[in-house]
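*Asks:* fold the following for me, if possible:
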Amino acid sequence: NVKDTEGNDAGYTGVFDGNGATIKLDVDKSEKNAGLFSVIGNGGEVKNVTTDGKVIGGSYVGGICGTNKGTIDDCNNKADVKAGSDVAGGIAGCCESSGKIQFSGAMTNSGKINSSGSIGGIVGECKGSVEGAGELQNTGVIDGGMYYNYTGGIAGKLGATAALKVTGEVRNTAEVSGSTYTGGIIGYLASSSGDPIQIQAGSILNTGNVTGSNNGNSIGGMIGCIPGGAEISTTTGDIRNTGAVKVPKTIGGVFGSCNSTTITAAGDIVNAGEVASSRSGNEIGGIVGNLNESQLIAVGGEIRNESNVTGASAVGGIAGYCNRYKLASPIRAYGDIVNQGKISTTNAGNVGGIVGSYNCKEGIVSDTGVIKNEGAIEGIGTYVGGIVGSYGIAASTGAVKKCINTGDVTASKGIQVGGLFGYVSITSSTEEYRNIENSYSTGQVNVTDATDATDSRNGTLVGCFSGNKIKNCYDTVTDALPMLGTTKYCQGVE
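*Replies:* Below is the predicted model of the structure:
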């Protein structure tokens, strides 16, 4: 490569056409930038080539190139890629803001990728664009080690100027392991102060297990952490995870932590993989661990968790913790919003079939379906409910309605436990908007190890309700608890 005035690689600036060939590499060096090309410079283009073999470098290591400032077009990687320090990807280690990774059919990495941070099956760190008309997939194991951040099946880290737009499916099928900010598709999306980072695909699928270690947090089957300013959408299909997600804290079957982000699926948003945290892990959700000032929307289908979710506190089948003080519901589906897995805490309360802890202006909304829990709920202490453990609605624009629980709710030393809600507070200037209506529970409510269960604000429908009335609701429970644990803060059951 040509050197610039400071002695750095200016990069390859010609056009290299591999004509569909596979090139076997044996690269082993300690310097920065390793690959078939060390650097693809501005104006340079590499296309129609597949790399195989192995590539080892100090940092910025990729099958096609270490750093891309130009264009990579219709390339694939089968080579194992390893960075001694950080930034490694199957296609490119780093794609700079001027760089483009594009494809017209499909782009695949099948090589094992290993690095000490910023590691992805396609690109380790991307500040430019990844765009294609076909499928983008990773089938190679992604190993970020026990102590390092930014690990993803497709990309480790997307910068504030990055974009990922694919008309087909974005897919990872391999195991992904790292520490903080680890995801089956993307580890981390950098915060954007300008236009939101765009991630668009026909559908998004992760089937690989995602594992975090060394007290890691913000781990998701799809994306680990979104600190703010992102729009994620599928145009024709689902957002779906089937891989197990296991890590200490702030984890979700699909998203770990979302801030100021809009997530929209044309079809369903589904998790079918087990989500499990340690005894001290908080904010654990079947779909998202922490949903902060964000929206999760299935415009044409359901939001559904199908697997078991376990954590210490703030644990829910859809979201562990949900906080939004802007208008519009943070969780909304055209069809049902449903949990089918067992939801349990190992240390404290705030556990619910749909959400563990909820503090928002508006409630959860299903346009044409119901909000339903079918799984067993097991909690410890305060705020345990079949639908939501603690449900705070600060500016309700409609009554809480169409909530169904069929799972048994069990709480050890339970206080404010209910078949639907452990605790509900609804604030609105319109009286009927402070109601709970047209809902029911058929699951048993079991409070164990309590000194006096009847004096702990526990009920077969709601433990404690600060609002107006409970109307047209029922239960089929055969225990001694009342439908409403206390009428002190509302007008009772009608």
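*Asks:* doesn't N48 make contact with N19?
*Replies:* Yes. N19 lies in contact with N48 (CB atoms under 8 Å); the separation is 5.8 Å. All C-beta spots, glycine's among them, are computed from the backbone N, C-alpha and C.
*Asks:* who has more neighbours out of those two?
*Replies:* For N19 versus N48, neighbours defined as other CB atoms under 10 Å are more numerous around N48 (14 against 7).
*Asks:* ok, the more buried one - contacts?
*Replies:* Taking CB atoms under 8 Å, 6 or more residues apart in numbering, we find N48 in contact with D17, G18, N19, G20, A21, D73, D74, C75.
*Asks:* mind checking which helix or strand it is in?
*Replies:* Element membership of N48, judged by DSSP states H and E, is strand 45-57.
*Asks:* helices or strands up against whichever helix or strand comes after that strand?
*Replies:* Downstream of strand 45-57, the first helix or strand assigned by DSSP H and E is strand 59-62. Packing partners of strand 59-62 (3 or more CB pairs under 8 Å, 6 or more residues apart in numbering; DSSP states H and E): strand 32-34, strand 65-68, strand 80-83, strand 88-89, strand 92-95, strand 123-126.
*Asks:* so of the ones you listed, which one's packed in deepest?
*Replies:* Of all the helices and strands packed on strand 59-62, strand 88-89 has the most neighbours on average by mean count of other CB atoms under 10 Å, namely a mean of 38.
*Asks:* for that one, give me every contacting residue.
*Replies:* Contacts for strand 88-89 (CB under 8 Å, 6+ apart): 60-63, 81-82, 109, 113-115, 118-125, 155-156.
*Asks:* correct me, but K100 touches G128?
*Replies:* Yes. With contacts counted by CB under 8 Å, K100 reaches G128, the gap being 5.8 Å.
*Asks:* joint contacts of these two?
*Replies:* Common neighbours of K100 and G128 (CB under 8 Å, 6+ apart) are N68.
*Asks:* the two - which one has more neighbours?
*Replies:* G128 (24 against 18).
*Asks:* now the protein, which segments are flagged as low pLDDT?
*Replies:* Scanning the chain for pLDDT under 70 picks out the ranges 1-7, 193-194, 214, 279, 450-455, 479.
*Asks:* now do 50
*Replies:* Counting by pLDDT under 50, the chain contains no low-confidence segment.
*Asks:* grab the most central residue of it for me.
*Replies:* Nearest to the mean C-alpha position of the chain, by CA atoms, centre = their mean, lies F255 at 0.7 Å.
*Asks:* re earlier: what lines up beside the strand holding N48 in the sheet?
*Replies:* Applying DSSP bridges, strand 45-57 is found paired with strand 15-28 (parallel), strand 71-73 (parallel), strand 76-77 (parallel), strand 80-83 (parallel).
*Asks:* any chance of the ones you listed in a markdown table, with distance to G352 too?
*Replies:* Output for the strands paired with strand 45-57, formatted as a markdown table (distance: least, CB to CB, whole Å):
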| stretch | distance to G352 |
| --- | --- |
| strand 15-28 | 52 |
| strand 71-73 | 46 |
| strand 76-77 | 43 |
| strand 80-83 | 42 |
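*Asks:* any idea which of these gets closest to R240?
*Replies:* strand 76-77 (24.1 Å; CB to CB).
*Asks:* now stretch 298-317, how far from the chain's geometric center?
*Replies:* Centroid separation for stretch 298-317 versus its chain: 11 Å, with CA atoms, centre = their mean, to the nearest Å.
*Asks:* repeat that for stretch 141-153.
*Replies:* Remark: stretch 141-153 is offset 16 Å from the chain centroid, using CA atoms, centre = their mean.
*Asks:* same deal with stretch 261-278?
*Replies:* Mean-position distance between stretch 261-278 and its chain equals 6 Å (CA atoms, centre = their mean).
*Asks:* tell me the buried residues in it?
*Replies:* Across stretch 261-278, burial judged by 16 or more other CB atoms under 10 Å covers 261, 263-278.
*Asks:* how much space between G407 and Q416?
*Replies:* G407 sits 18 Å away from Q416, going by CB to CB, to the nearest Å.
*Asks:* any idea how far C322 is from R434?
*Replies:* 20 Å.
*Asks:* again with S456
*Replies:* From S456 across to C322, the span is 25 Å (CB to CB).
*Asks:* neighbour-wise, which of these two wins?
*Replies:* With neighbours defined as other CB under 10 Å, S456 and C322 compare such that C322 has more, 31 against 22.
*Asks:* skip ahead from the helix or strand the more buried one falls within and say which helix or strand is next.
*Replies:* Using DSSP H and E, C322 sits within strand 319-324. Next in sequence after strand 319-324, counting helices and strands by DSSP H and E, comes strand 331-333.
*Asks:* helices and strands around that following strand, which ones?
*Replies:* In terms of contacts (3+ CB pairs under 8 Å, 6+ apart), strand 331-333 is packed against strand 295-298, strand 365-366.
*Asks:* who touches it?
*Replies:* The contact list for strand 331-333, computed with CB under 8 Å, 6+ apart, reads 269, 291, 295-298, 301-303, 318-319, 322, 337, 354-355, 364-367, 369.
*Asks:* show the buried residues in those residues.
*Replies:* Neighbour counting by 16+ other CB under 10 Å classes 269, 291, 295-298, 301-303, 318-319, 322, 337, 354-355, 364-366, 369 among the contacts of strand 331-333 as buried.
*Asks:* picking that back up, okay if I get the helices and strands packed on strand 59-62 as CSV plus distance to N472?
*Replies:* Compiled in CSV, the helices and strands packed on strand 59-62 are given as follows (distance: least, CB to CB, whole Å):
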stretch, distance to N472
strand 32-34, 67
strand 65-68, 61
strand 80-83, 61
strand 88-89, 56
strand 92-95, 56
strand 123-126, 52
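*Asks:* of those, which is nearest T13?
*Replies:* Minimum separation from T13 across the helices and strands packed on strand 59-62 (CB to CB) falls at strand 65-68, 12.3 Å.
*Asks:* quick one: strands adjacent to the closest one?
*Replies:* Partners of strand 65-68 in its sheet, by DSSP bridges: strand 37-40 (parallel), strand 92-95 (parallel).
*Asks:* can you list these in CSV and add distance to A399?
*Replies:* Listed next are the strands paired with strand 65-68 as CSV, based on distance: least, CB to CB, whole Å:
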stretch, distance to A399
strand 37-40, 59
strand 92-95, 49
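*Asks:* list the contacts for the closest residue to G153 other than its chain neighbours?
*Replies:* Of all residues not flanking G153 in the chain, N172 sits nearest, at 3.0 Å (CB to CB, 6 or more residues apart in numbering). Contacts here follow CB under 8 Å, 6+ apart; on that basis N172 touches G121, Q137, N138, T139, G153, I154, G184, I185, L205, N206, T207, G208.
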